[in-house]
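> Pasting the sequence and the predicted coordinates here, then a few questions.
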Amino acid sequence: GTVDDPNLILRRVTLSGNKASGSSGTSTINGATVSNGCGGGMYLQHGEIDVTNVTMQNNYAQVNGGAINNHQGFVDIWGCIIGGSGYYVDNLTDGGTGKGNKAGQHGGGIYTNEGDIDIEDIVETDNGQLVRYESQVTYNEAGQNGGGINTHSGTITINDDEDDDQIEIAYNKAYKGGGMYANAGTIQAHNANIHDNTATLNGGAVNNHAGDIILYGGSLSNNTAEQGHGGGAYTYVGDIDLFQFPKTKLSDVTLNDGTKVYNNIALKNGGAFNNHTGRVDVRHATLYNNTASQGNGGAIFCEGPHANANRGLGFTIRLLCSDLVQNKTRGQDGTATDPTGRGGGVYLKYGSLYAHYSNILNNEATISGGGLNNHEGQILLYGCDVIGNKALGERGGGIFVKQGDITTGPSAERDNNPPTSSKATLVQSNTAHIDGGGIYNEQGNINLNGDLVGGDNASLGNIAQTGDGGGVTVTSRKARSWSSRY
């Protein structure tokens, strides 16, 4: 239906099999009209809608918002199903029960333009029993951007109060941003389960253009960018923030409260995240088993401006108390101007990466930089472990630096949260096929402060299989070491 200015409350309703096909075509839901090709199930302008335990399936909009289109209004969604268990099918005789919604352009499930949408779960009494209804945005598709959700200069908030990751944004697909797309807008998700979304180009789960994506806890998994970048998320100019689920006391915060990002795949750069001229802030999160199939940055790819990362200010990527584990890039060298196969954990081009009390473990690159690959950027590591990473083809099993800088030091020199005592940065058990088992530096600067490269026995040592410098290789410029061990 169409709502202009007034308030509407829907409870336990099913909107299914409706179409908005342009100004010459309309559909009717209980006497209300959907028009202008937007909002196949519902169109809101300036008003407010409270939608509780409503199912919206197999609706179609020729333009934007297969199920819901919100223009400068407010939609509050409680325990609703936006989509189904299969993709949209035209002219179903059963009205499309169980099928997802579709938009010809943007927002297969939900589209908002300068409006706000809240999606939450709800507990209601049903036949004398308390029943919890979880919201779902599933199996929706858009011809262009935002298979599940698209926001343009608006705000979408997803909130699961029970900390059980049951609100789902899943199995949606689009050209960009399979699950969600933000253009100069904000998407904020608390404990959402964002999985199995697909983008033809960039941002398998999330594509963010000059907007903000904020994830508190929850998971981002099994998403795919089939022909482009950022299997989990792609950001251009905007920011992606991953925080732990809010706790009342700092002592209650554990790694399990953070976002889990795993099994995401991009054909090109950034298996989990691709960040172009924006920022990625990762706190209390785990990124594991993400893959850049033919590009760089198994977990994170970052291309940003040169920045001063001193004490975490001006960073392009920040890792606080987080883990990058078993991520990989499978590219096969590429060309001189477009190299691939670099940075199993992180590939940094320009910009800066600041990591504190984080682990970079068992990542693999087919060419160089098994853990980290730094090209004309700045990396600062404080109290971090860089252990068990591999550069299968060339150099820098743990860390590869080309015309960039890397500085390491103990955790006590930076934010003392949560460590209560100093911890050295460890570079151990990394392997390079040629040079620099631990660290390889080509025309860059390395500053090691009180850290340990290698260990007290052979099992902790770094290995250069066929070349030089099992621990550290420096080809030019300078390396400095203060109270560090090799």
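Noted; the coordinates are in hand.
> Verify the stated contact: Leu361 with Asn327.
No - Leu361 is beyond contact range of Asn327, at 9.6 Å (criterion: Cβ atoms under 8 Å). For the C-beta atoms, the positions are set from N, CA and C on the backbone; glycine is no exception.
> Looking only at neighbour counts, state which of the two leads.
Regarding Leu361 and Asn327, a neighbour count based on other Cβ atoms under 10 Å identifies Asn327 as having more, with 32 against 19.
> ok, now which ones touch the nearest residue to that one once chain neighbours are set aside?
Once flanking residues are discounted, Asn327 sits nearest to Gly298: 3.5 Å by Cβ to Cβ, 6 or more residues apart in numbering. For Gly298, the contact set (Cβ atoms under 8 Å, 6 or more residues apart in numbering) comprises 271-272, 290-292, 327-329, 343-345, 363-365.
> Can you report how many residues lie near Gly86?
Gly86, neighbours per other Cβ under 10 Å, totals 15.
> what's the answer for Ser219, then?
Ser219: 18 neighbours (other Cβ under 10 Å).
> And Val282, how close does it get to Asn145?
25 Å (Cβ to Cβ, to the nearest Å).
> What of Gly298?
Distance, Gly298 to Asn145, by Cβ to Cβ: 26 Å.
> With Gly454 instead?
Gly454 is 49 Å from Asn145, by Cβ to Cβ.
> more neighbours, the two?
Set side by side, Gly454 and Asn145 show more neighbours around Asn145, with 29 against 21, by other Cβ under 10 Å.
> Contacts only, for that one.
Residues counted as contacts of Asn145 (Cβ under 8 Å, 6+ apart) are 105-107, 174-177, 181, 183, 207.
> Ok, Gly218 next?
So Gly218 contacts 160, 165, 189-194, 245, 259-260 (Cβ under 8 Å, 6+ apart).
> Could you list the low-confidence segments of the stretch 101-250 of the chain?
125, 162-165, 245-250 (pLDDT under 70).
> In a markdown table: the contacts of Asn145, plus neighbour count.
A markdown table is the format used below for those (neighbours: other Cβ atoms under 10 Å):
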| residue | neighbour count |
| --- | --- |
| Gln105 | 21 |
| His106 | 30 |
| Gly107 | 36 |
| Ala174 | 32 |
| Tyr175 | 23 |
| Lys176 | 26 |
| Gly177 | 37 |
| Tyr181 | 33 |
| Asn183 | 21 |
| Asn207 | 34 |
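> Among those, which one lies nearest to Gly304?
Asn207 (17.4 Å; Cβ to Cβ).
> name the helices or strands packed onto the host helix or strand of the closest one?
Per DSSP states H and E, Asn207 falls inside strand 206-209. Identification of packing neighbours for strand 206-209 by 3 or more Cβ pairs under 8 Å, 6 or more residues apart in numbering; DSSP states H and E yields strand 180-183, strand 233-236, strand 239-243.
> Quick one: list the elements packing against the first one.
Right, strand 180-183. Against strand 180-183 (3+ Cβ pairs under 8 Å, 6+ apart) you get strand 149-152, strand 206-209, strand 212-216.
> please redo it, this time with the cut-off set to 7 Å
When contacts are defined as 3 or more Cβ pairs under 7 Å, 6 or more residues apart in numbering; DSSP states H and E, strand 180-183 packs onto strand 149-152, strand 206-209.
> could I get the ones you listed as TSV with distance to Tyr236?
Putting the helices and strands packed on strand 180-183 into TSV (distance: least, Cβ to Cβ, whole Å) gives the following:
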stretch	distance to Tyr236
strand 149-152	15
strand 206-209	5
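> ok now do the closest residue to Gly438 other than its chain neighbours, which residues does it touch?
In space, Gly438 comes closest to Asn462 once its chain neighbours are excluded; the distance is 3.6 Å by Cβ to Cβ, 6+ apart. With contacts defined as Cβ atoms under 7 Å, 6 or more residues apart in numbering, Asn462 is in contact with 397-398, 427-430, 437-438, 453-454, 470-471.
> Over to Gly304?
275, 277, 316, 350-351.
> how about a cut-off of 6 Å?
By Cβ atoms under 6 Å, 6 or more residues apart in numbering, the contact set of Gly304 is 277, 316, 350-351.
> which ones among the residues you listed are found in helices?
Among the contacts of Gly304, none falls in helices (DSSP state H).
> so can I have JSON lines of those residues showing neighbour count and distance to Ile49?
As requested, these are exported to JSON lines (neighbours: other Cβ atoms under 10 Å; distance: Cβ to Cβ, whole Å):
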{"residue": "Thr277", "neighbour count": "16", "distance to Ile49": "36"}
{"residue": "Thr316", "neighbour count": "27", "distance to Ile49": "39"}
{"residue": "Tyr350", "neighbour count": "18", "distance to Ile49": "45"}
{"residue": "Gly351", "neighbour count": "28", "distance to Ile49": "42"}
